[in-house]
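A.B. asks: Using only what follows, build the 3D model:
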Amino acid sequence: MRTNLTPASVSGALLSVLSVFVLGINFGANAAVGGLTWQYLFILASLPVLLGLVLGRIRRDPTLNVVYARWLVIPVLMLFLWGYGVLSGLLQNNNPQFIVRNNAGMIAYALAIPLFFFPRRVNVIKLLNAGGLLVMGATLLLHVLSKLIGWDVESGLSERIFGPTVGAGGYRWGRIFFYTQYLVCVPMVLSLTALLSKGFGLWQRAISLATLAGSLYVLMVISMSKGMVLAVLFTLALLVTCFFFAGRRRGLITSALVPLLLFGGVSYVAATPDNVISRSFFSADDLSNGPRFEQVRYLVGDTTILGQGLGATIPGYTRAKGLDYGFELSYLAVFHKFGVFGLIPLLAYALTLLMIIRLVWQRRLSVRDGAALGAGMSFLMPAVGNPGLFSIQEVLTHSLVMLHLANAQLGVAPAAARVMRWQGRRWRIVGPTLPRVRLRWR
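C.D. replies: You can find the predicted model right below:
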């Protein structure tokens with residue numbers, strides 16, 4: 001059988017490969033902390049190719065499903081927000097180099113355009129899981145190498161192979177931390193749901209148990225990151241929420257225990273002020289917490305209604321030499337750069353999370369898939385105290401999650417699960433007839 005290359009197949013293959021590279025191998029990850037590497041430039045160079053495929057698709061069929069068109073509003077708004085930040089930074093005479101570097105990953109929202117025009121060519125859950133497993137494997141390998149042969153995880157060679165890592169911080173010396181470790185929450189929750197499900201054999205359960213143990217070890221021990229601990233708690237809370245709204249008995253029982261556990265945790269923290277949780281998360285004596293408390297005062301005092309624009313710095317304060325525009329407190333930094341328009345990404349993230357819960361409640365999304373998508377969105381937790389909110393990895397993750405939600409709304413499966421039928425001398429993927437909107441060009 002002859003295989004015909006189509007814009008859909010080429011775009012799907014390129015997006016899938018690019019997603020694995022970006023999510024699993026930290027491709028272009030330096031952009032998370034402001035670096036412009038050849039990897040980041042390669043991703044930018046792929047955009048015209050993908051957008052060209054989209055234009056070819058529009059010329060042949062100038063229609064787009066209404067649901068996909070609605071979801072595309074979010075990436076388009078994000079791109080306009082980035083453009084507003086650039087323009088605002090230029091008008092306020094911010095450092096041009098800082099303007100280009102600041103939140104450079106936002107441009108990756110342009111990848112959402114080909115994603116939504118070729119929606120059935122990308123299997124989101126598999127991509128997120130593959131990315132999480134690759135990050136987990138890289139972290140475990142670095143951990144073993146550093147223990148056995150004294151491998152320097154912060155050396156130039158190590159960063160060229162595995163991507164940039166963070167070494168030490170506060171009470172947690174000698175850690176191995178990637179900004180993309182939030183993705184490890186995806187295999188963690190998938191293995192947990194597999195263990196809670198019926199119909200799995202002993203071998204499958206053993207693999208799931210090993211994956212669960214490895215992911216928790218990476219997130220809770222090796223990373224030594226408060227943000228990753230919050231990501232784990234966020235993922236588990238969303239799993240319980242999905243169980244609750246799906247009406248599963250096991251989930252209802254677990255949900256009833258959550259308020260009790262929360263009350264017990266708050267009581268413990270309140271009764272023992274010198275406990276490890278208070279010292280690690282809230283103490284100003286912690287080396288990593290000190291700058292964050294300092295940044296709160298500076299950021300709040302320098303924020304304006306329309307924002308200071310991308311590349312803006314705070315007079316008299318710098319987080320790191322050459323990265324004067326960056327701050328650990330990502331959510332305050334959003335308002336510092338964009339002003340009141342900083343509400344746009346926060347509302348977009350809230351809408352995404354609410355849609356996950358809604359679709360689980362409507363039985364259009366399984367508990368397993370809903371929890372996996374929620375695990376992907378767990379990047380919102382490390383962003384509380386790390387400057388990676390608009391990294392390429394987190395932007396692409398958000399775009400993939402939105403794509404899967406749109407497919408779930410329509411009941412559309414990815415290409416791997418669809419039916420191929422011989423039509424017009426070629427194999428075609430057959431799908432349901434869905435409402436579409438016509439794209440008009442003037």
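
A.B. asks: rest of the way, CA atoms for contacts and neighbours
C.D. replies: Fine.

A.B. asks: What ranges in this structure fall below the confidence cut-off?
C.D. replies: 1-14, 17-18, 20-21, 24-41, 119-121, 150-174, 199-200, 248-291, 319-322, 412-442 (pLDDT under 70).

A.B. asks: nearest residue to residue 400 other than its sequence neighbours?
C.D. replies: Once flanking residues are discounted, residue 400 sits nearest to residue 124: 6.0 Å by C-alpha to C-alpha, 6 or more residues apart in numbering.

A.B. asks: and the one you found, how many neighbours?
C.D. replies: 25 (other C-alpha atoms under 10 Å).

A.B. asks: give the contact list for it.
C.D. replies: By C-alpha atoms under 8 Å, 6 or more residues apart in numbering, the contact list for residue 124 reads 400, 401, 403, 404.

A.B. asks: Please tell me how far it sits from residue 230.
C.D. replies: 23 Å (C-alpha to C-alpha, to the nearest Å).

A.B. asks: ok, now residue 387?
C.D. replies: Residue 387 sits 16 Å away from residue 230, going by C-alpha to C-alpha.

A.B. asks: same question, residue 334
C.D. replies: For residue 334, the distance to residue 230 equals 20 Å [C-alpha to C-alpha].

A.B. asks: So between these two, which is more surrounded?
C.D. replies: Ranked by neighbour count (other C-alpha under 10 Å), residue 334 and residue 230 place residue 334 first, with 25 against 20.

A.B. asks: Now do the contacts for the more buried one.
C.D. replies: Taking C-alpha under 8 Å, 6+ apart, we find residue 334 in contact with residue 342.

A.B. asks: And the strands in this structure?
C.D. replies: 63-65, 419-423, 426-430, 436-438 (DSSP state E).

A.B. asks: Wait, residue 307 touches residue 337, no?
C.D. replies: Yes. Using C-alpha atoms under 8 Å, residue 307 is in contact with residue 337, at 4.8 Å.

A.B. asks: who has more neighbours, those two?
C.D. replies: In terms of neighbours (other C-alpha under 10 Å), residue 337 is the more surrounded of residue 307 and residue 337; the figures are 32 against 22.

A.B. asks: Now for the more buried one: which residues touch it?
C.D. replies: Per C-alpha under 8 Å, 6+ apart, neighbours of residue 337: 85, 303, 307, 308, 309, 310, 311, 312.

A.B. asks: Now residue 185: closest residue in space that isn't a chain neighbour?
C.D. replies: residue 375 is the one closest to residue 185 (C-alpha to C-alpha, 6+ apart), at 5.3 Å.

A.B. asks: Can you report how many residues neighbour residue 76?
C.D. replies: Counted with other C-alpha under 10 Å, the neighbours of residue 76 add up to 15.

A.B. asks: What of residue 145?
C.D. replies: 14.

A.B. asks: likewise residue 354?
C.D. replies: Other residues near residue 354 number 12, with proximity taken as other C-alpha under 10 Å.

A.B. asks: what's the spacing between it and residue 373?
C.D. replies: Going from residue 354 to residue 373 by C-alpha to C-alpha gives 12 Å.

A.B. asks: same check, this time on residue 186
C.D. replies: Separation of residue 186 from residue 373 (C-alpha to C-alpha): 8 Å.

A.B. asks: Repeat that for residue 303.
C.D. replies: 33 Å.

A.B. asks: quick one, which of these two is more surrounded?
C.D. replies: Shown here are residue 303 and residue 373; by other C-alpha under 10 Å, residue 373 has more neighbours (29 against 20).

A.B. asks: Run a quick neighbour tally on the residue nearest to the more buried one when sequence neighbours are not counted.
C.D. replies: Using C-alpha to C-alpha, 6+ apart and skipping residues adjacent in sequence, the residue nearest residue 373 is residue 401, 5.9 Å away. Neighbours of residue 401 under the rule other C-alpha under 10 Å: 23.

A.B. asks: Quick one: residues contacting residue 401.
C.D. replies: Counting by C-alpha under 8 Å, 6+ apart, residue 401 touches 124, 352, 373, 376, 377.

A.B. asks: got JSON lines for these, with distance to residue 98 too?
C.D. replies: Formatted as JSON lines, the contacts of residue 401 follow (distance: C-alpha to C-alpha, whole Å):
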{"residue": "124", "distance to residue 98": "33"}
{"residue": "352", "distance to residue 98": "30"}
{"residue": "373", "distance to residue 98": "33"}
{"residue": "376", "distance to residue 98": "29"}
{"residue": "377", "distance to residue 98": "27"}
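
A.B. asks: so where do the helices sit in the stretch 301-442 of the chain?
C.D. replies: 330-338, 343-361, 367-376, 392-410 (DSSP state H, counting those that start in this stretch).

A.B. asks: buried set for the first one?
C.D. replies: Counting neighbours by 16 or more other C-alpha atoms under 10 Å, one finds that the buried residues in helix 330-338 are 330, 331, 332, 333, 334, 335, 336, 337, 338.

A.B. asks: Distance to residue 71 added to those residues, as JSON lines?
C.D. replies: Listed next are the buried residues of helix 330-338 as JSON lines, based on distance: C-alpha to C-alpha, whole Å:
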{"residue": "330", "distance to residue 71": "24"}
{"residue": "331", "distance to residue 71": "23"}
{"residue": "332", "distance to residue 71": "26"}
{"residue": "333", "distance to residue 71": "25"}
{"residue": "334", "distance to residue 71": "22"}
{"residue": "335", "distance to residue 71": "24"}
{"residue": "336", "distance to residue 71": "27"}
{"residue": "337", "distance to residue 71": "25"}
{"residue": "338", "distance to residue 71": "22"}
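
A.B. asks: from these, which single one is nearest residue 318?
C.D. replies: Proximity to residue 318 was ranked across the buried residues of helix 330-338 by C-alpha to C-alpha; first place goes to residue 333, at 13.4 Å.

A.B. asks: Relative to residue 238, how far out is that closest one?
C.D. replies: 26 Å.

A.B. asks: Equivalent analysis for residue 186, please.
C.D. replies: 12 Å.

A.B. asks: the more surrounded of these two?
C.D. replies: More crowded of residue 186 and residue 238, by other C-alpha under 10 Å: residue 186, with 31 against 23.
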